[in-house]
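*Asks:* Turn this into a structure:
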Amino acid sequence: MVVGMARDDSDRPAVLAHQRFVADRQSFAGLDLRQRFQRIHDTNLWGAPASVSGLGSELDATAALRQQLPHLLRRLGVVSLLDAPCGDAGWISAAGLGVRLAGVDIVPEIIARLQARVRAGEIAGDYRLADITSDPLPRCDAILCRDCLVHLAFANIGRAVENFRRSGAVWLITTTFPEWRDNCDCEDGDWRALNFERAPFGWGAPLELINENCAEGEGGWGDKSLGVWRLDAIG
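*Replies:* Have a look, this model is predicted:
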């Protein structure tokens, strides 16, 4: 896909995270948010061989992001960054961001492994167990919420954004698809694309945009990007 080319949402290729959730949907009945993401973790539902955080968190999928994100943070004057949720922190630990890094995740085993790696001197960062929709979050200049809101229902997206605002962060850096036309709701744990410039969000154009050069679906998701918004200007 050529970025900037108009196309129908229905022309996009299938996404593994959505396909696998649909196939296993019945097992999520009655589960709360924490239990849903615990099950996704325990079954490696998103199907990535190298990262329980999914295909988009593997090193080859984050090459452009790892190159560009440090420059973005410097332009924004970011000294501290909260990775929320952090997942296995694989790619971000290799990014050389040059900022104080904190991370939160809803899955206890993920946080326990990261804390053990910090104690062993393998990685740096302050990692804590937290639900981004409700729990108090560490105060940082910016919040990176990559590949997460696309898995949450509209109601929990609203709760997460309000919780991000309460944390005192200035910037939200989050996944958006600028060429996506119609945002739809989904069940927590499923996946669909989101364009935060469009309803029901209407955040306006991002102040900065990093295209991730996503190769998934033979380039059919080539507009996948990280957009930057001021938290006091959205919601």
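
*Asks:* How much space separates the residue nearest the centre of the chain from residue 27?
*Replies:* Centrality entry for the chain: nearest residue to the mean C-alpha point is residue 146, 2.0 Å, by C-alpha atoms, centre = their mean. Distance check for residue 146 against residue 27: by C-beta to C-beta, to the nearest Å, it reads 26 Å. Where C-beta positions appear, they are placed from N, C-alpha and C, glycine not excepted.

*Asks:* Same check on residue 234?
*Replies:* Using C-beta to C-beta, we find residue 234 at a distance of 34 Å from residue 27.

*Asks:* again with residue 221
*Replies:* 26 Å.

*Asks:* cool, residue 72 as well?
*Replies:* Counting by C-beta to C-beta, the gap from residue 72 to residue 27 is 38 Å.

*Asks:* pretty sure the residue nearest to the centre of the chain is touching residue 174, no?
*Replies:* Yes. Counting by C-beta atoms under 8 Å, residue 174 is a contact partner of residue 146 at 6.8 Å.

*Asks:* Return every residue with contacts to both of those two.
*Replies:* residue 226 (C-beta atoms under 8 Å, 6 or more residues apart in numbering).

*Asks:* Disregarding flanking residues, what is the spatial nearest neighbour of residue 68?
*Replies:* The spatial neighbour of residue 68 that comes closest, neighbours along the chain excluded (C-beta to C-beta, 6 or more residues apart in numbering), is residue 210 at 4.9 Å.

*Asks:* my read is the one you found is in a strand, agree?
*Replies:* Yes. Using DSSP: H, G, I helix; E, B strand; the rest coil, the secondary structure at residue 210 is a strand.
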